[in-house]
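Trainee: pasting a predicted model and its sequence here:
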Amino acid sequence: MLECFELAGHEDPAVAWSTFTGTWNWAAPLGPSLSADDAGVGSVVRRVPGGFSLSGRWHRPPGARPEWLVVSVVPDRQRGAAGTSKREPDLFVVAAKALRVTDGTPVSTSAFELTDFYIPAGLATHTTGTGLEPSDGGFFRTAVTAMALGAARRLTEALAALDPSCEPAVIPAGRAPAASAAELDAVLHDERSALAAALHGISEAEGVNARPFAETPAAVHLERAGQVARHVVAATYERALPLPARHDGHPLVRLVEDTSPILQCMRFAVELMPRHSDIPTRKAQTR
C-alpha cells in the first residue's frame, strides 16, 4: 500500500489527490456532516487559489463539542465558475474554533454562518467516496504520507531536469539544480526505506492484536516522514527560485500547487486529527 500510493503521488500529484478524495471520504470518522440550513441562507462554494471559499448557514447539533466539524454543501446548491463539475468536493473540514455564531448563543447549540470562509484544498473531500471508519486512521495516514513522499520525489526530478537551462552566474557554488536534487532525493530515499521497514516490522510483530495506531511507533515514523516530505518540497522550490522564469511562470510552481493539498491533508492526518479511536496497523492491509 505504501508503494502504491507513493507511486501515484510521484506519477501525478493532482490526479493522485483527486482520485483519493473521490474514492475515500476520509472525513467520515469526524462524525456526521452538518448540512446547510434549508430555512436560511443557501450554501455556496467556489474555487479560489489554493482552496475553496464557503458561504452559508448551518445547524450545529447540541451536545458534543468536537474540535473539527464536517460541513456539507448540498450538491444542487454547489455553485462557482461556469461549468463547475459535479465531481467537485462537497465536504469541508472546518476547525470548530473558527466558526462564527449568528444569534449570540454558544456555537455548540446554535446555527452558525460562514461568509467567504477560506478552506484549503487539502481539507475537502466527497460524500460519494467510501466513508472511512475511525479504525481506518492508519490507512488514511499512511496513504497521504506516501502520496506526499511520491510528490516530493517528483519535484526533485523536475528540479534536476532544469539543470541544462541554468546560468552558472546565478547559481551559488554547490547549489546547481542537479546536485541539489540528488541531495534531496537521497534524503527521500532513506526516509521511504526507513518508513517501509518500520511499518513492515511493526505489522509483523503486532499482527491483528495491535495497539491503537496512535500509540504505536508507526505513528511516529509517519509523522517524521511527513516532516521530511514537507522539508523536501520547500527546499526544492527554494533552490529553484534563482532560476530564470519561463514564459509560463516560475519552474516547479504548478507541481508545488498540485502537491499542496496532499501536504495539507497529511498534516491534518498525522498531527491534528483526533486520535481517541484508532486502528490496528494490520487494518491497512485490507485496503
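Mentor: It's in. Keep in mind the model is a prediction, meaning the values are calculated, not measured.
Trainee: helix or strand: which one has residue 221?
Mentor: According to DSSP states H and E, residue 221 maps onto helix 217-240.
Trainee: now stretch 181-194: average pLDDT?
Mentor: Averaged over stretch 181-194, pLDDT sits at 93.
Trainee: could I have the CA atoms of that stretch written out in PDB?
Mentor: Output in PDB follows, covering the C-alpha atoms of stretch 181-194 (Å, rounded to 0.1, in the frame of the first residue of the first chain):
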ATOM      1  CA  ALA A 181      18.100  17.400  -6.500                       C
ATOM      2  CA  ALA A 182      20.400  14.400  -5.900                       C
ATOM      3  CA  GLU A 183      20.900  15.500  -2.300                       C
ATOM      4  CA  LEU A 184      17.200  15.900  -1.600                       C
ATOM      5  CA  ASP A 185      16.300  12.700  -3.400                       C
ATOM      6  CA  ALA A 186      18.800  10.800  -1.200                       C
ATOM      7  CA  VAL A 187      17.000  12.200   1.900                       C
ATOM      8  CA  LEU A 188      13.700  11.000   0.500                       C
ATOM      9  CA  HIS A 189      15.100   7.500  -0.400                       C
ATOM     10  CA  ASP A 190      16.400   7.000   3.100                       C
ATOM     11  CA  GLU A 191      13.100   8.100   4.700                       C
ATOM     12  CA  ARG A 192      11.000   6.000   2.400                       C
ATOM     13  CA  SER A 193      13.100   2.900   3.100                       C
ATOM     14  CA  ALA A 194      13.100   3.500   6.800                       C
END
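Trainee: how far away is residue 123 from residue 1?
Mentor: 23 Å (CB to CB, to the nearest Å). Any C-beta I mention is one placed from the backbone N, CA and C, and that applies to glycine too.
Trainee: which one's more surrounded, the two?
Mentor: Set residue 123 next to residue 1 and count neighbours by other CB atoms under 10 Å: residue 123 wins out with 23 against 15.
Trainee: residues touching the nearest residue to that one once chain neighbours are set aside, list them.
Mentor: Nearest in space to residue 123, with sequence neighbours left out and distances taken as CB to CB, 6 or more residues apart in numbering, is residue 93 at 4.2 Å. Shown in contact with residue 93 (CB atoms under 8 Å, 6 or more residues apart in numbering): 27, 30, 68-71, 119, 123-125, 268.
Trainee: give the buried residues for stretch 217-231.
Mentor: For stretch 217-231, the neighbour count (16 or more other CB atoms under 10 Å) marks 218-219, 221-226, 228-230 as buried.
Trainee: now those as a markdown table including distance to residue 20?
Mentor: Shown next, in a markdown table, are the buried residues of stretch 217-231 (distance: CB to CB, whole Å):
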| residue | distance to residue 20 |
| --- | --- |
| 218 | 20 |
| 219 | 20 |
| 221 | 21 |
| 222 | 16 |
| 223 | 19 |
| 224 | 22 |
| 225 | 17 |
| 226 | 16 |
| 228 | 20 |
| 229 | 15 |
| 230 | 18 |
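Trainee: by how many degrees do the helix or strand hosting residue 196 and helix 217-240 diverge?
Mentor: With secondary structure defined by DSSP H and E, residue 196 is part of helix 177-206. Between the axes of helix 177-206 and helix 217-240, defined by axes from the mean of the first three to the mean of the last three CA atoms, to 10 degrees, the angle is 170 degrees.
Trainee: this structure: strands as residue ranges?
Mentor: Assigned by DSSP state E, the strands in the chain fall at 24-25, 44-48, 51-59, 68-72, 91-95, 100-101, 111-120, 124-125, 130-131.
Trainee: still on that earlier bit, what's the helix holding residue 196 packed up against?
Mentor: Secondary-structure packing of helix 177-206 (3 or more CB pairs under 8 Å, 6 or more residues apart in numbering; DSSP states H and E): helix 2-11, helix 137-161, helix 217-240.
Trainee: mean pLDDT lowest where, among the ones you listed?
Mentor: Ranked by mean pLDDT, the helices and strands packed on helix 177-206 bottom out at helix 217-240, with a mean of 90.
Trainee: contact partners of that one?
Mentor: Residues outside helix 217-240 that contact it (CB under 8 Å, 6+ apart): 138, 141-142, 145, 148-149, 151-152, 155-156, 158-159, 162, 175, 177, 180-181, 184, 187-188, 191-192, 194-195, 198-199, 202, 213, 250-252, 256, 259, 263, 266-267, 270-271, 281.
Trainee: thanks again, I'm all set now.
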